[in-house]
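K.L.:
what shape does this take:
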Amino acid sequence: MAEERKPPCVVSCPVMTDTRFYAQKISEGKYEEALEILLRANPFSSVCGRICHHPCEKGCRRAKIDSAVSLRMLKRFVVENTQEYRNSRKREPKAKLNRKVAIIGSGPSGLTAANDLALEGYSITVFEKAQNPGGMLHLALPRYRLPYSVVQMDIQDILSLGVILKCGVEVGKDLTLAELRKEHNAILIATGLAESRSLDVPGIDSEGVFLAIPYLTSVALGNPFHLGKKVVVIGGGNVAVDVARSVVRLGAEKVVMVSLESRKEMPAWESEIKEALEEGIEIINSRGPRAVINQDHRVAGIEFKKCVSVFDQDQRFNPKYDEKNVMLLPADSIMIAIGQRVDLGFARDSNLKTLPAGRLEFNPRTMSLSEPGIFGAGEVVYGPGAAVEAVQKGHLVARAIDHYLKTGQFLEIEDTRPASIGEIPEETFKKIRERKRVEVEHLSAQERVKGFMEFERTYTEEEALREARRCLSCTAGAFVDEALCASCLNCVRICPFGVARVEKTAIMPEEKCQSCGICAAECPAAAIALKVFQTGLMKSEIEEFLRHTREKGKSESLIVCFACLYETRTRKTLLEGKQEMLQQGILLIPIPCVGKLSLPDLLSPLALGAESVVIIACAGEDCLYPGADSLLMRRVTKAKALLSEIQVSPEKIDFWKTREAAEISWQAFLQISKTKTMFSQGEVNDHK
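P.N.:
A predicted model of the protein is given here:
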């Protein structure tokens with residue numbers, strides 16, 4: 001059996017979220033189903049909808065055509081439009097196990113593990129030193145990036161599984177690891193990197209030199225301390241950017257970031273750097289601190305020396321300087337944001353082994369620490385990383401703990417990933433129609449520096465549906481039943497993307513297939529089907545519609561309407577229209593491109609007892625698939641001809657083509673349909 005391959009977007013995601021299928025569910029207006037796909041992979045989907053660095057988008061194959069699908073924004077749209085559903089949904093853990101797990105730290109890694117282990121039936125207690133949960137999501141991230149209410153939404157979902165949360169409890173001070181071990185079968189340490197690193201340069205102990213994490217915590221908790229008008233931030237990572245942007249919002253007149261790395265080497269995300277520059281923050285690259293200048297022990301400025309290289313030939317951190325190339329920056333305050341370290345307070349009076357660098361001895365293969373039954377996850381053992389990476393480690397350590405508690409043995413953890421199908425071949429992507437990415441305008445830099453309000457809005461529903469439509473559904477396209485295939489070459493002739501080929505039987509290479517469904521609709525042997533579209537589901541819906549309406553004693557004509565899903569701009573319009581139509585004896589079946597409809601699909605509603613069939617297609621130039629509309633017209637014409645041959649009026653099948661959904665209201669559709677304004681035999685008309 002061939003190895004399963006996945007799209008690069010899925011493989012690139014640390015938690016392997018199935019981006020294809022949640023985009024598909026969005027385009028169908030099934031937002032609750034999209035949410036379930038997201039949460040199965042990432043219980044911190046609300047958080048990641050705001051702050052994820054979206055590696056999935058870097059892998060998106062559409063980028064080669066125009067630009068990547070905005071998967072982070074689609075995720076944010078889903079979680080923001082399903083809050084009522086999420087609050088009411090019930091998840092049932094497996095049967096309760098007589099095993100208890102203590103988790104130290106309530107950041108994304110620890111709480112993801114809590115989520116997974118609770119679902120397995122374990123009793124989970126989370127201990128958090130701060131007064132509120134969330135770790136650095138709560139204590140360090142500026143609210144303009146991540147409102148705490150968003151963090152709480154994800155956490156509450158996890159706590160609803162029966163996870164016990166104890167805040168304001170510091171392990172190592174209020175209770176010891178030994179005491180926890182007496183009450184629990186396993187312990188997970190997921191405390192993150194809660195302390196800032198400092199510098200060893202002359203004058204560093206001057207008044208006015210501060211560390212990044214304590215400052216960001218004071219800002220997040222609403223009691224920031226005054227830094228003066230001129231602030232120098234040392235560092236080139238995301239924490240340094242967060243500090244600089246926060247300082248600007250709190251009234252500093254001149255903020256300069258000084259990075260040891262060159263512009264290309266800076267570890268901060270490009271979007272963060274860009275927004276910082278827009279907000280008037282100056283960034284100086286390739287400079288390292290030489291000495292803090294003070295007057296009466298109070299900061300007056302800081303000297304920097306030229307950094308000629310950050311890494312050695314083996315890519316190890318080993319900066320080299322030109323000591324003669326020195327610059328002086330005046331400053332009222334200096335903020336150090338050069339990295340974080342572990343607070344080992346939880347290990348007081350324990351036998352946990354530590355390394356010379358002040359980190360825990362950790363086996364990444366088993367995710368275990370030096371004492372049996374104690375595990376580690378997240379930044380405390382892996383070092384700095386993004387929230388989605390912490391979630392990934394939470395999933396992995398939950399597997400390790402589960403295995404240990406059930407077998408008494410350590411599990412060799414492997415984060416195995418399927419192979420990627422790679423980029424779209426050049427001969428294929430040239431035939432794919434371009435669709436402009438839906439971008440959301442931010443507040444202007446002048447407005448956003450006035451406070452800590454969010455400056456990025458979520459998608460409107462229409463925008464989300466439009467953006468979800470851009471997803472190419474990679475690897476979710478056509479497949480062939482070799483037992484039915486007649487090797488007739490029909491699929492080769494009609495494929496608009498030049499995908500199909502025939503060897504012994506037809507082959508649809510998944511790295512090329514665009515999931516248009518035209519080959520399946522046109523296959524004379526019905527040997528081709530789509531992974532994401534099954535017509536059999538429509539048959540049961542039609543049968544239920546006909547049975548239910550006739551049981552109610554409806555005597556008027558019953559109509560089945562296949563409509564292009566993309567002609568409906570909101571779910572509300574779709575649902576209201578569908579309900580209104582049902583009351584009038586019309587079943588609306590939205591389809592992601594009516595070009596997928598085969599000849600049997602067009603005729604089967606009549607065979608099942610419907611009086612007529614109406615097809616509403618989008619305008620040809622709007623269709624994702626070149627030639628789909630003309631081929632559908634050909635099938636409609638053929639269906640009409642078949643009806644004529646068996647002495648059935650061809651007017652029982654109508655074809656409509658509309659430029660905009662708004663041009664045909666549901667009321668207008670009802671009026672036209674019920675008064676039988678049908679098309680003439682053998683013709684396909686264009687209603688405008």
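K.L.:
so how far is residue 278 from residue 285?
P.N.:
Distance, residue 285 to residue 278, by CB to CB, to the nearest Å: 18 Å. To be clear about C-beta, it is placed using only N, CA and C from the backbone, and glycine gets the same treatment.
K.L.:
quick check, pLDDT for the closest residue to residue 78 other than its chain neighbours.
P.N.:
Nearest non-adjacent residue to residue 78, counting by CB to CB, 6 or more residues apart in numbering: residue 34, 4.7 Å away. pLDDT recorded at residue 34 is 96.
K.L.:
in this model residue 56 seems to touch residue 474, though I could be wrong.
P.N.:
No: counting by CB atoms under 8 Å, residue 474 sits too far from residue 56 to count as a contact (11.8 Å).
K.L.:
mutual contacts of these two, please.
P.N.:
Counting by CB atoms under 8 Å, 6 or more residues apart in numbering, the residues touching both residue 474 and residue 56 are residue 9.
K.L.:
that older thread, residue 517 versus the residue nearest to residue 78, what's the distance?
P.N.:
Separation of residue 34 from residue 517 (CB to CB) stands at 21 Å.
K.L.:
please apply the same query to residue 144.
P.N.:
Counting by CB to CB, the gap between residue 144 and residue 517 amounts to 44 Å.
K.L.:
swap in residue 21?
P.N.:
With CB to CB as the criterion, residue 21 and residue 517 are 16 Å apart.
K.L.:
neighbour count: the two, which is higher?
P.N.:
Here residue 21 and residue 517 are compared on neighbour count by other CB atoms under 10 Å; more neighbours surround residue 517, at 27 against 18.
K.L.:
so what's the backbone phi/psi at residue 390?
P.N.:
Torsion angles at residue 390 (phi, psi; degrees, to the nearest 10) stand at phi -60, psi -40.
K.L.:
same question, residue 283
P.N.:
Residue 283 adopts backbone torsions of phi -120, psi 120, taken as degrees, to the nearest 10.
K.L.:
one more: residue 196?
P.N.:
phi -80, psi 150.
K.L.:
report the contact partners of it.
P.N.:
Residue 196 makes contact with 211, 212, 213, 214, 336, 337, 338, 339, 340, 341 under the criterion CB under 8 Å, 6+ apart.
K.L.:
show me the contacts for the first one.
P.N.:
Just to be clear, that refers to residue 211. Residues in contact with residue 211 (CB under 8 Å, 6+ apart) are 195, 196, 198, 335, 336.
K.L.:
may I see the buried residues of stretch 376-388?
P.N.:
Neighbour counts over stretch 376-388 (16 or more other CB atoms under 10 Å) mark 376, 377, 378, 379, 380, 381, 382, 385, 386, 387, 388 as buried.
K.L.:
and what of stretch 618-632?
P.N.:
Going by neighbour count (16+ other CB under 10 Å), the buried part of stretch 618-632 is 618, 619, 622, 623, 624, 625, 626, 627, 628, 629, 631, 632.
K.L.:
out of the residues you listed, which sit inside helices?
P.N.:
628, 629, 631, 632 (DSSP state H).
K.L.:
how many neighbouring residues does the closest residue to the first one other than its chain neighbours have?
P.N.:
Put plainly, it is residue 628. Using CB to CB, 6+ apart and skipping the chain neighbours, the partner closest in space to residue 628 is residue 595 (3.0 Å). Here the count is done by other CB under 10 Å, and residue 595 has 27 residues near it.
K.L.:
that's a strand at residue 40, yeah?
P.N.:
No: per DSSP: H, G, I helix; E, B strand; the rest coil, residue 40 lies outside any strand segment and is helix.
K.L.:
in contact with it, which residues?
P.N.:
If a contact means CB under 8 Å, 6+ apart, then residue 40 has no contacts.
K.L.:
give me the pLDDT for it.
P.N.:
Listed pLDDT for residue 40 reads 96.
K.L.:
and for residue 569?
P.N.:
For residue 569, the pLDDT comes out at 63.
K.L.:
likewise for the one 10 residues further on?
P.N.:
Predicted confidence (pLDDT) for residue 579: 74.
K.L.:
list the helices and strands the helix or strand where residue 519 lies packs on?
P.N.:
In the assignment (DSSP states H and E), residue 519 maps to helix 518-522. Contact here means 3 or more CB pairs under 8 Å, 6 or more residues apart in numbering; DSSP states H and E; on that basis helix 518-522 packs against helix 490-494, strand 528-530, helix 628-645.
K.L.:
any idea of the mean pLDDT for the first one?
P.N.:
Looking back up the chat, that one is helix 490-494. The pLDDT scores in helix 490-494 average 94.
K.L.:
can I get the CA coordinates of it in CSV?
P.N.:
Taking Å, rounded to 0.1, in the frame of the first residue of the first chain, the C-alpha atoms of helix 490-494 are listed here in CSV:
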residue,chain,number,x,y,z
ASN,A,490,-12.6,10.3,-21.6
CYS,A,491,-11.2,11.8,-18.4
VAL,A,492,-8.0,12.6,-20.2
ARG,A,493,-9.9,14.5,-22.9
ILE,A,494,-12.0,16.6,-20.5
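K.L.:
what's the helix or strand just after that helix in contact with?
P.N.:
Where DSSP H and E defines the elements, the next helix or strand beyond helix 490-494 is strand 501-502. Strand 501-502 has contacts (CB under 8 Å, 6+ apart) with 487, 489, 491, 492, 507, 509.
K.L.:
ok, now stretch 367-375?
P.N.:
With CB under 8 Å, 6+ apart, stretch 367-375 has contacts from 177, 181, 185-189, 350-353, 360-363, 376-377, 381, 393, 396-397, 400-401, 404, 410, 413.
K.L.:
do the same with stretch 480-490
P.N.:
With contact meaning CB under 8 Å, 6+ apart, stretch 480-490 is reached by 502, 504-508, 519, 522-529.
K.L.:
quick check: end-to-end length of it?
P.N.:
Taking CA to CA, to the nearest Å as the measure, stretch 480-490 stretches 13 Å from start to finish.
K.L.:
show me which residues of that stretch are buried.
P.N.:
For stretch 480-490, a neighbour-count test (16+ other CB under 10 Å) marks 480, 485, 490 as buried.
K.L.:
and the second one, how far from residue 154?
P.N.:
Spelled out, it's residue 485. 47 Å.
K.L.:
repeat for residue 591
P.N.:
Noted for residue 591: a distance of 34 Å to residue 154, by CB to CB.
K.L.:
quick one, which of these two is more surrounded?
P.N.:
residue 154 (27 against 22).
K.L.:
tell me the confidence at the more buried one?
P.N.:
The model reports residue 154 with a pLDDT of 97.
K.L.:
that one reaches residue 43, doesn't it?
P.N.:
Yes: proximity of residue 154 to residue 43 meets the contact threshold set by CB under 8 Å, at 6.1 Å.
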